[in-house]
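[1] okay, sequence plus prediction incoming.
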Amino acid sequence: MPAGRQALMSMILTAAMLVAGGCATFDWSTGKWVSAGNPGASRAARPARPPAPPGAPAAAGSAAPTVVSPAAPAPAAAPVGGLAAPAGMNPAVSPAPAPKDPGGARADAVRRVGGEAFVDAENGAVLHAMDTLAYPRQPVDLVAHLRTAAGLKPIAGATVAFTRGDWVAGRITTDANGVAAMRWTPPEAGNYSFQAGIVAVPNENFRDMLGVKAPLLVASRDKRTPQVVVDLDRTVVDGGKPLADSVEVLGRVSRRYGIIYLTRRPDLLTSKSKSWLAEDGYPSGPLLTGEVKDLPDSGRFKSAGLAALRRDFSGVAIGIGDKLSDAQAYVDNGMSACLIPHYKQDPRDMRALAAEIRALRGQGRLQVVENWRQIEQAISGGKQFPPEDFARQLEARAAKIEAERPPKLPGLSQFGRGGATFHSCDVQLETGHVNS
């Protein structure tokens, strides 16, 4: 791809990242995961701190733990099970305060740079619903954000129904910021799958949006529930395909641990990411993303986000990722880490990686592996994969590659001409022709 076109595509993607809504997002100003219609505006609508669930100890220096994506107490718990709710909004739930959308310049930037080029849109609508973690028997926000595909403008006056199967938790009208939010209380620990669907539109111009849906997961877990944090790109997926054995291994791991998917992917890709995980058979778990308007680096994002998770859920104990910064973030937050690094079969790259692995802190809590089978052996079988062993193996492979390379022909000085490769004896290696 020409450099100019690459730069334009990068600008489009970056601008789109600045405005998209998504899953639970990380708020850098507070060090908390929040479920808000617009990540950048979530600071203006901070919910109250809920009481501690039965048996959950208070956080250090505080009367109660901070819940990921908590909501202020609801007037009554929402019904659960197969009972159908009456038409309109369920009286057992109430609208949650919607965050304000800064809008303006960021949306304008997307329109100027490329409009809806990278938007996950359906029938002219961009509907996102935010996954969240919560404690059992504590109210939590269910939040959806609706925008137009063209220009990413918020759509006010549409009705979004939050449903579980045939049961309707509530029907909420989007506000001026395109946000529909309500409160619901998980009755016990477990994963609760919802759909946020458009059931009414403000006028005929939006009729095609009727029926558009977005998945939403509430993962209700006790504070001490053992949990594993998993990165996405090049950890479970590479080139649009699952990494070998990742589906099967994570499925078996999920029998003992809750699964959390933590990714720096931009929020506008969350619907596709959720669909991909479900279609390929990965175990259910909330997909948590960063506050993408800040465009943090992966290490900073993971470290701060994990600190918030560990503060609220002390059972978050293991992290799996492909980047050295991922592994360092896991270890620095008191977790065990499985690092599955990727590298070129180039001796210099391999030796550099070996040195970087040796430089990581917390070597005793770090396992460096080649594949998902080894990840399972480390998590469930107690087998050790020390970083030093991996580094030595890399260096041995690098030396072998060098030893197997054919020696350079003496007395030949290589130079380029017209995009082809020639040597001083005028032999054109690429074509096999010899000039007389």
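    That came through, no problem.
[2] pLDDT weak spots in the chain?
    Where the chain drops to pLDDT under 70, the residues are 1-120, 266-269, 290-298, 409-436.
[3] buried ones in stretch 199-217?
    The neighbour-count check on stretch 199-217 (16 or more other CB atoms under 10 Å) flags 201, 206, 209, 212, 213, 214, 215, 216, 217 as buried. No exception for glycine: its C-beta is placed from N, CA and C like everyone else's.
[4] which of the residues you listed fall in strands?
    213, 214, 215, 216, 217 (DSSP state E).
[5] show me what contacts the first one?
    Meaning residue 213. Residue 213 is in contact with 127, 195, 196, 197, 198, counting by CB atoms under 8 Å, 6 or more residues apart in numbering.
[6] in three-state terms, label residue 393 for me.
    Judged by DSSP: H, G, I helix; E, B strand; the rest coil, the three-state class of residue 393 is helix.
[7] care to break the chain down by domain?
    Listed domain ranges for the chain are 1-46+64-221, 226-405, 412-436 (source: automatic domain parsing).
[8] could you pull out the helices in the chain for me?
    Taking DSSP state H, the helices of the chain run over residues 3-19, 105-113, 246-253, 270-279, 298-312, 324-332, 347-359, 372-380, 387-404.
[9] nearest to residue 134, out of these?
    helix 298-312 (9.7 Å; CB to CB).
[10] and the angle from the closest one to helix 324-332?
    Helix 298-312 and helix 324-332 are oriented at 20 degrees to each other (axes from the mean of the first three to the mean of the last three CA atoms, to 10 degrees).
[11] now helix 298-312: buried residues?
    Residues of helix 298-312 classed as buried: 298-299, 301-306, 308-312 (neighbour count, 16+ other CB under 10 Å).
[12] with distance to residue 351 added, can I get the residues you listed in a markdown table?
    Shown next, in a markdown table, are the buried residues of helix 298-312 (distance: CB to CB, whole Å):
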| residue | distance to residue 351 |
| --- | --- |
| 298 | 23 |
| 299 | 22 |
| 301 | 28 |
| 302 | 26 |
| 303 | 27 |
| 304 | 32 |
| 305 | 32 |
| 306 | 30 |
| 308 | 36 |
| 309 | 35 |
| 310 | 34 |
| 311 | 38 |
| 312 | 41 |
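[13] so of the contacts of residue 213, which ones are in strands?
    Using DSSP E, those in strands are 127, 195, 196, 197, 198.
[14] pick the one among those residues closest to residue 382.
    residue 195 (40.4 Å).
[15] picking up where we left off before, and of the contacts of residue 213, the nearest to residue 401?
    residue 127 (50.0 Å).
[16] hey, what's the closest one bridged with?
    residue 146 (DSSP bridges).
[17] residue 219 too?
    Beta-bridge pairing of residue 219 under DSSP bridges involves residue 133, residue 191.
[18] from what I can see it touches residue 225, true?
    No. Using CB atoms under 8 Å, residue 219 makes no contact with residue 225, being 9.5 Å away.
[19] what residues are shared contacts of the two?
    Common neighbours of residue 219 and residue 225 (CB under 8 Å, 6+ apart) are residue 258.
[20] compare the two (neighbour count), which wins?
    Taking other CB atoms under 10 Å, residue 219 and residue 225 do not tie; residue 219 has more neighbours (27 against 17).
[21] can you tell me which residues contact that one?
    Contact partners of residue 219, counting by CB under 8 Å, 6+ apart, are 131, 132, 133, 134, 191, 192, 258, 260, 285, 286.
[22] what's the farthest-apart pair in the residues you listed?
    Largest separation among the contacts of residue 219 by CB to CB: 192 and 260, giving 15.1 Å.
[23] compare those two (neighbour count), which wins?
    Each of residue 192 and residue 260 has its neighbours counted (other CB under 10 Å); residue 260 has more, 24 against 21.
[24] ok, what's across the strand from that one?
    residue 229.
[25] what residues are up against it?
    Counting by CB under 8 Å, 6+ apart, residue 260 has contacts 133, 219, 227, 228, 229, 230, 285, 286, 288, 309, 316.
[26] and for residue 261?
    229, 230, 231, 232, 273, 277, 285, 286, 287, 288.
[27] using CSV, lay out those together with neighbour count.
    Output for the contacts of residue 261, formatted as CSV (neighbours: other CB atoms under 10 Å):
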residue, neighbour count
229, 29
230, 24
231, 23
232, 21
273, 22
277, 23
285, 24
286, 27
287, 24
288, 28
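[28] tell me if I'm right that residue 157 and residue 202 touch.
    Yes. In terms of CB under 8 Å, residue 157 counts as a neighbour of residue 202; the distance is 3.4 Å.
[29] so who does residue 329 touch?
    Residue 329 makes contacts with 299, 302, 303, 306, 319, as judged by CB under 8 Å, 6+ apart.
[30] for it, give its distance to residue 343.
    Distance check for residue 329 against residue 343: by CB to CB, to the nearest Å, it reads 20 Å.
[31] and for residue 222?
    To residue 343, residue 222 is 39 Å away according to CB to CB.
[32] who has more neighbours, those two?
    Neighbours per residue (other CB under 10 Å) separate residue 222 from residue 343, with residue 222 holding more: 17 against 13.
[33] not counting sequence-adjacent ones, nearest residue to that one?
    Leaving aside its sequence neighbours, residue 222 sits nearest to residue 189 (CB to CB, 6 or more residues apart in numbering; 5.8 Å).
[34] which ones are touching that neighbour?
    136, 220, 221, 222, 225.
[35] what is the neighbour count of the second one?
    Burial of residue 220, expressed as a neighbour count using other CB under 10 Å, amounts to 23.
[36] cool, the first one as well?
    For residue 136, the tally of surrounding residues (other CB under 10 Å) stands at 18.
[37] residue 356: how many residues sit nearby?
    Residue 356, neighbours per other CB under 10 Å, totals 12.
[38] again with residue 392
    13.
[39] ok, now residue 150?
    Neighbour tally, residue 150, other CB under 10 Å: 13.
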